[in-house]
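**Q** coordinates for the following, if possible.
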Amino acid sequence: MHNGTAGLAAGLWEFGRGQGGRQFTELAIALLLSTAIGLERAVQQKSAGLRTHTLVGVGSALFMEVSQHGFDGMLGVEGIAFDPSRVAAQIVSGIGFIGGGLIFVRRNSVRGLTTAATVWLTCAIGMACGGGLLLLALGATVIHFLVVRGYPLITDRLSMTFAENSGDVLLAYRSGRGLLPSILEETTSRGLRVVAVTVEGASEPGPDSGGVSTVRLELAGRTDLGRLVTALADLDGVVKVGMVGDDGD
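**A** Below you'll find the model as predicted:
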C-alpha cells in the first residue's frame, strides 16, 4: 500500500511538473499584454484585431512553456538530445504565414504591413512571457504603443516642418538697375527654387527715373515665403512685393 501511494504521488508530481503557478502566471501576463495590443488594433479597425493578437500571444507563450517543460520526461534518456530552442525557432517561422496573409497590395499601395508587424511582435511578447522574461515582455508592449501611437504624431510634425511650400510672388521693381539677378540670388539663397519667371508688365520710363517692371516668380521650397517677401521688400529699387492671393491678388 505504501509503495502504491508513493507511486501515485510520484506520478502526480511528474504530471504536474511545469504546470504550476509560475506557468499559469506567465500565460496570464501574455493574455493581458496581447489583449492590450489587440484592443489598440481593434480600435484602429485593422484586419487583425483583438482576438487574433490575443490568440497569437497566448499561443506563443504556450509553445514556449511546452518547449521548456513539455519534454522533461525525456531528460537523461540515452540517445535523446533536448534542445528547447528548436520549438522557439519554429514559432518564429510559423508566424510568418499569419503575417503574410495580412499584407495585400491594391494598385500601387501596400496595406497591412503594420498590422502584420504587430502580430509578429505579439508573438515575440508571448514567447518572452512563456520563457519567463516578463519584464522584457512588458517593455516590448510599452514600445509597441510608443511606436504605433506616438510615432505618427512625430512624422506628422516632421512632414509639416519639412513640407515643401509653393506659391507665387508678384514683384514690381525699377527697371534699368540690374535688380532681377539680385532678386533671384536672394530667393535661391534661402533654399527656394525658381520654377518660372513671368513678366507681367512694364511701364514707360519717366523723366527722372526708369520705368517699373512687374514679374511673377513661381517658387517652391521649404522656406517660409513670407520671410522672402519681407527680405525682397528691403531691397533698394523694389517698389512693391507680395504673395499672389494677398490684398486681392
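**Q** helix/strand/coil for the most centrally placed residue in the chain?
**A** When CA atoms, centre = their mean is applied to the chain, the residue found nearest the centroid is residue 151 (5.4 Å). Taking DSSP: H, G, I helix; E, B strand; the rest coil as the rule, one finds residue 151 in the helix state.
**Q** for the chain, what's the longest helix?
**A** helix 21-43 (DSSP state H).
**Q** mean confidence score for that one?
**A** Averaged across helix 21-43, the pLDDT comes to 87.
**Q** now the next helix or strand after it: mean pLDDT?
**A** Moving toward the C-terminus from helix 21-43, the next helix or strand (DSSP states H and E) is helix 50-69. What helix 50-69 shows for mean pLDDT is 84.
**Q** enumerate the positions of helix 50-69 that are buried.
**A** 50, 52-65, 67-69 (16 or more other CB atoms under 10 Å). Using the backbone N, CA and C atoms, a C-beta is placed for each residue, glycine as well.
**Q** and for stretch 219-237?
**A** Result for stretch 219-237 [16+ other CB under 10 Å]: buried residues 219, 221, 223, 225, 228, 229, 231, 232, 237.
**Q** got the contact list for the longest helix of the chain?
**A** Contact with helix 21-43 is made by 48-58, 60-62, 65, 69, 115, 118, 121-122, 125-126, 129-130, 132, 134, 137-138, 141, 144-145, 148-149, as judged by CB atoms under 8 Å, 6 or more residues apart in numbering.
**Q** give me phi/psi at residue 191?
**A** Note on residue 191: backbone dihedrals following degrees, to the nearest 10 are phi 80, psi 20.
**Q** how near is residue 113 to residue 120?
**A** 11 Å (CB to CB, to the nearest Å).
**Q** compare those two (neighbour count), which wins?
**A** residue 120 (17 against 12; other CB atoms under 10 Å).
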